[in-house]
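Undergrad: What shape does this take:
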Amino acid sequence: MKAPLAILLAACLCVDGVFSLVCWSCNGVESNWDCWRWQICSDEDNYCVTTYTGAGIGGYSTQSISKGCVPVCPQSGINIGIAAVSINCCSSFLCNISGANSIQINHLVLALATLILLGLWK
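TA: As a prediction, the model looks like this:
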């Protein structure tokens, strides 16, 4: 009975669009290490977004990171030397782990990890 359930779960994880998008979510934290909450996006939300703002002058600097779900991607960025703002979007499961667009979780790796956990959980 466990094998068919595990195969069904793996197949569902490998098909895009079966489940709602899930993104990392936080508001105004100083580091990616402070952003460990998940958010299940609404059906209207198509993207995970990471917004970074930073400023520095002399020995003083500050940064703020916010993450969540959005229906439309407002991807942009500006850097004027002493201040910078960037908005990055992605559209796969927990893909906004950092501000880098190149980091994406592979659905096959996620499915294999889930199967391993199901095999260990009795």
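Undergrad: Out of the helices and strands in the protein, which is least certain?
TA: Within the chain, confidence by mean pLDDT, DSSP states H and E is lowest for helix 2-14 among all helices and strands, at a mean of 49.
Undergrad: Can you name every helix or strand that whatever helix or strand comes next after that helix contacts?
TA: Proceeding N to C from helix 2-14, the next assigned helix or strand is strand 22-29, under DSSP states H and E. Judged by 3 or more CB pairs under 8 Å, 6 or more residues apart in numbering; DSSP states H and E, strand 22-29 is in contact with strand 37-40, strand 47-57, strand 60-70. (Glycine included, C-beta is placed from N, CA and C.)
Undergrad: would TSV of those with distance to Ile80, mean pLDDT and mean neighbour count be doable?
TA: Shown next, in TSV, are the helices and strands packed on strand 22-29 (distance: least, CB to CB, whole Å; pLDDT from 0 to 100; neighbours: other CB atoms under 10 Å):
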stretch	distance to Ile80	mean pLDDT	mean neighbour count
strand 37-40	31	94	13
strand 47-57	10	92	18
strand 60-70	14	92	16
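Undergrad: which one of these lies closest to Ile82?
TA: Closest to Ile82 of those is strand 47-57 (CB to CB; 5.2 Å).
Undergrad: can you give me the angle that closest one makes with strand 22-29?
TA: Per axes from the mean of the first three to the mean of the last three CA atoms, to 10 degrees, the angle that strand 47-57 makes with strand 22-29 is 20 degrees.
Undergrad: Just the angle for strand 47-57 relative to strand 60-70, thanks.
TA: Using the same axes, to 10 degrees: strand 47-57 against strand 60-70 is 170 degrees.
Undergrad: helix or strand for Ser42, which one?
TA: Short version, using DSSP H and E: Ser42 is in no helix or strand.
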